[in-house]
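Engineer: I need the structure of the sequence given here:
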Amino acid sequence: MEELRFRQIHMDFHTSEKINTICSEFDADDFASTLESAHVNSVTCFSRCHHGMLYYNSKKFPQLIHLGLKNNKNLLESQIDACHKRGIKVPIYTTVQWDYYMSMNHPEWNCISSDGAFIYRCFDGKTPKVYSPGFYRTLCVNTPYRQFLKDQIEDVINVVGKNNVDGIFLDIVKVVDCSCEYCKKGMLEKGYNPELYEERIKYAQEMIHDFKKEMTKFIHNIKPNISVFYNGSHIGPRTMKDKEFYTHWELESLPSGKWGYAHFGNTVRYARTSGMDYLSHTGKFHTSWGDFHSMKNKEALEYECFRMLAYNSKCLIGDQLHPDGRISPEVYDLIGDVYAQVEKKEPWCTKATEVVELGVLTSEYYKTDSDSSLKKIPDEITGICALLDELGYQFNIIDEDEDFRKYKIVILPDNILCSDFLADKIDNYIADGGRIIASYRSGLNYSETEFAIKRLGISLVGDAPYSPDFLVPTSEYGKRLFKTEYVMYNQGKEIKINDAKEVVKAYIPYFNRTWEHFCSHLHTPSSHKYGYPGITECKGNYYFMHPIFSIYQEKHPKWCKEFLRDVLETLIPQPLIKHDGPSTMTVTVNEQKEKGRYIIHILHYIPNKIADEILTIEDVIPLYDIKLSVCLPHAVNGVTLVPDKEQLDYEIFQNNEISFTVPKISGHCMIELSYK
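Structural biologist: Numbering: from 1, shown residues only. Coordinates of the predicted model:
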C-alpha cells in the first residue's frame, strides 16, 4: 500500500438536519483547487456524520440523505472526482458509535450503563442528559446496528465506485462498559458475570476486537488494499493489540482541545514502536472540533505540524466545511502557508526512523478502564516525558512486548508492577548488559508484597512512615543543587538494602501532619534526622523510593530532574545528543538509512497558559548560537542546515562524537548529518 501523504486535511461535515439548505455555495472545482493551492494532497470527506445524515446519493438508504442537499445529492462523489483530477486522495469518513438519527430511532441499539441509563460520550452516563445538546448518545456495535454499518459502507463504495475509494475512516470506536440486552446475552454465553465491572470490560474489549476484525475483512473483501482506520481519540496499548486490523495509525491530538500539548509527544513515542505508518491530527480551530469561524495562530499551527515531522509523522489539519458548502479561502491561506513549508521539509522526513537510547515502560498497558481516550495517559508518563524532553534524551514509550535490547536503559516510572513474565524479561535484559531505573511501586509483584526484580538489591518494608520526607543531595547525585533537604511531596516506599548501596538519603519530618500535631500552613519541616534510603544503586540499576515522575507532573520541582539527570549521566556518559539550549527546546534525532544521513530537529515554541481553558502560542522566540554535541553510531562527514543547505563547521572527537553550533533557531530547524 502507498505510504501516507504528508499534507492532509480532515474535513468534518457534521451538519444539523434542522438546516434545510446546505451546500448552496458548494463548487467542486473551487473546493479542490483551494486544497491544491494550499499544498494539500489528501482530504478525508464525509459519507455520513454524527447527526446520522448521508452526503452522497445513497441507493440503499435514500431516506437518510440530508434533506438540505436539494441541489447536490452527489456531494461526496463530486468532491472525490474534483480532488482525484488534481492528484488529491480522498479517504471516506463514516461515524460508528455516535449517530443521532439511529440512536433516537433505534433506542434498542444504544449502549446501556450498569444502572440502566443511556451512555453518553462513550462513558458510563449516570447523569441523564435528555436535554443536553449533542449527538453523543453512544450506539452499541454488538446490536443489529453492526449490519447497518456494513450496509452503509458497502452502499457508499458502490455509489462512488470502487476505483474512487482510497480508504475508509471509521470514527468513534471505543471500548464501552455496556449492559444492553445483546451484550448481557453475549457475556452469559461466554461465561462472564455481567454484574462485575471487570468482566463487562473484558467482554467489551473482546467484542470491539472482533468488530474491528470483522469490519476490516468486510471492507477489504469489497476492495482490497485500501486504508482502514478506527478512531478512538487515542492510540494506546489496547489499540496496539488490534493493530492487524488497521492499515496505519492516525493520532488525534488537538493541543488546543482537551488533549493539550503533552498528549501528542507521549502518544507518538508509543505508536511509532509498532513499525506502522502514521499521521497526526491537529486542527485549524482556535480550540477544538466544531469551533466555527475561528483560526489557530499561525505560530501554533507551524509548531504542531513541524513537531509531527520531528517525530516522523505525516501531518493532518482538521477543518469543518460550512453548511453552505463554501470552503474558506482565508483558512487555506493559513494552512497553505504552513503546508508549503512542510512540503519543502519532506525530503528529510520521508522514510525516517527515530534514533533512541532509552525505553520508558508505560503503566497504561495495565489499565482496564473502559475509556481509551485522551485523558488516560498516566501522570507519571506525562511527567517523565516532560523531564526527559527537557534533558534532551531520546526515548520511546514501550510496553512489555517490546524488545528491551534496543535500549541502553529501560525506565519503570512509578507504577509498573511486574508479572513473572516481565520480571524474567527484565532479569534477562540486565544479564545481557542493560540497565534499569525504577521508582516507587515499580518492580514490585502484582500483590505488592515484595520486589519481583531481585537485581535492584532491595526488599520492601512498606509505605514510608513519613510524608512528605526529604532528599539530601550528594557530590554525585543532585550535584547542581544546594546541599540541603528537598521536599518530596508524595509518599514513597520504605525499603531495606540487601545488595544495593544507598546513594541518596531520605530525612524525616518531626511528625506527620494531622489534626493533633501540625506545623505551619502546608507540611512539617525536616527534623534533620535520617529516615531510610532515598535512592539506591545495585550494579548500575537504580531505585527511587518516591513517585518522582508523578511529582514532576503535578508540581514540576527541578530537584527531581536534577537527581535523575545525574543518574542518567552516570549510566550514559555520552548520550546521543547534548545541547546548551534552554529546557524549552525540544530536540529529536532521526535517521534516513537509504540516504545515509541523520536528521536532527530542533523546536523552540513556548505554549502559554494565559487563557483559563487552553494553551496558546502567539510568538516565536528565536535562539542564537546553540551548541550541540552528537554521538551517533556512524561517523559523520558533513553537517548542513536544511532545506536551505547551509554548511556548518564541526569538530570531530573520539567515538564518532562531533560538536557544532547552530547560529539561529527560529521556531524549527533541521540539521542533516551525512555519513555516506
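
Engineer: for the stretch 101-250 of the chain, what spans make up the strands?
Structural biologist: Ranges of strands in the stretch 101-250 of the chain, per DSSP state E, counting those that start in this stretch, are 167-171, 227-231, 249-252.

Engineer: most tightly surrounded among those?
Structural biologist: Of all the strands of the stretch 101-250 of the chain, strand 249-252 carries the top mean neighbour count, a mean of 24, counting by mean count of other Cβ atoms under 10 Å. C-beta coordinates here come from the backbone N, C-alpha and C atoms, glycine included.

Engineer: Give me the sheet partners of it and which way each runs.
Structural biologist: strand 278-283 (parallel) (DSSP bridges).

Engineer: so after the partner strand, what's the next helix or strand?
Structural biologist: With elements assigned by DSSP states H and E, the helix or strand that comes after strand 278-283 is helix 298-310.

Engineer: Kindly provide the whole-number mean pLDDT of the helix or strand just after that following helix.
Structural biologist: Of the helices and strands lying after helix 298-310 in sequence (DSSP H and E), the nearest is strand 314-320. Strand 314-320 shows a mean pLDDT of 98.

Engineer: Show me the contact partners of strand 314-320.
Structural biologist: The set of residues external to strand 314-320 that reach it, using Cβ atoms under 8 Å, 6 or more residues apart in numbering, is 4-14, 250, 254, 277-285, 289-290, 292, 301, 305, 308-309, 328, 331, 335, 338-339, 342.

Engineer: who does the helix or strand that it is followed by touch, helix- and strand-wise?
Structural biologist: Proceeding N to C from strand 314-320, the next assigned helix or strand is helix 329-345, under DSSP H and E. Packing partners of helix 329-345 (3 or more Cβ pairs under 8 Å, 6 or more residues apart in numbering; DSSP states H and E): strand 7-12, helix 28-37, helix 298-310, strand 314-320.

Engineer: List the buried residues of helix 329-345.
Structural biologist: Going by neighbour count (16 or more other Cβ atoms under 10 Å), the buried part of helix 329-345 is 331-332, 334-336, 338-339, 341-342, 345.

Engineer: Which parts of this protein are helices?
Structural biologist: 28-37, 75-85, 100-105, 145-160, 181-189, 197-222, 237-240, 260-271, 298-310, 329-345, 379-391, 420-431, 548-555, 558-571 (DSSP state H).

Engineer: Using JSON lines, please lay out those helices together with mean pLDDT and distance to residue 621.
Structural biologist: Output for the helices of the chain, formatted as JSON lines (pLDDT from 0 to 100; distance: least, Cβ to Cβ, whole Å):
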{"stretch": "helix 28-37", "mean pLDDT": "98", "distance to residue 621": "31"}
{"stretch": "helix 75-85", "mean pLDDT": "98", "distance to residue 621": "38"}
{"stretch": "helix 100-105", "mean pLDDT": "96", "distance to residue 621": "45"}
{"stretch": "helix 145-160", "mean pLDDT": "98", "distance to residue 621": "47"}
{"stretch": "helix 181-189", "mean pLDDT": "98", "distance to residue 621": "53"}
{"stretch": "helix 197-222", "mean pLDDT": "97", "distance to residue 621": "44"}
{"stretch": "helix 237-240", "mean pLDDT": "90", "distance to residue 621": "36"}
{"stretch": "helix 260-271", "mean pLDDT": "94", "distance to residue 621": "16"}
{"stretch": "helix 298-310", "mean pLDDT": "98", "distance to residue 621": "10"}
{"stretch": "helix 329-345", "mean pLDDT": "98", "distance to residue 621": "18"}
{"stretch": "helix 379-391", "mean pLDDT": "96", "distance to residue 621": "16"}
{"stretch": "helix 420-431", "mean pLDDT": "97", "distance to residue 621": "41"}
{"stretch": "helix 548-555", "mean pLDDT": "97", "distance to residue 621": "24"}
{"stretch": "helix 558-571", "mean pLDDT": "98", "distance to residue 621": "21"}
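
Engineer: Which one, of these, ends up nearest to residue 528?
Structural biologist: Counting by Cβ to Cβ, residue 528 lies closest to helix 558-571 out of these; the figure is 17.6 Å.

Engineer: Can you list the neighbours in contact with the least confident helix or strand in the chain by mean pLDDT?
Structural biologist: When the helices and strands of the chain are scored by mean pLDDT, DSSP states H and E, helix 237-240 comes last with a mean of 90. Helix 237-240 is contacted by residues 175, 205, 232, 246, 270, 274, 362, 364-365, 372, 399 when judged by Cβ under 8 Å, 6+ apart.

Engineer: could you dump the residues you listed to TSV with neighbour count?
Structural biologist: Listed next are those as TSV, based on neighbours: other Cβ atoms under 10 Å:
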residue	neighbour count
175	24
205	17
232	23
246	20
270	26
274	16
362	27
364	22
365	20
372	23
399	19
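
Engineer: Quick check: most distant residue from the centroid of the protein.
Structural biologist: Taking Cα atoms, centre = their mean, the residue of the chain most remote from its mean C-alpha position is residue 516, at 45.3 Å.

Engineer: From residue 465, how far out is that one?
Structural biologist: 16 Å (Cβ to Cβ, to the nearest Å).

Engineer: do residue 316 as well
Structural biologist: Where residue 465 is concerned, residue 316 sits at a distance of 51 Å (Cβ to Cβ).

Engineer: again with residue 382
Structural biologist: Taken as Cβ to Cβ, the span from residue 382 to residue 465 is 29 Å.

Engineer: Who has more neighbours out of those two?
Structural biologist: Comparing residue 382 with residue 465 by other Cβ atoms under 10 Å, the one with more neighbours is residue 382, at 20 against 13.

Engineer: residue contacts, the more buried one?
Structural biologist: Applying Cβ under 8 Å, 6+ apart, the residues near residue 382 are 262, 266, 553.
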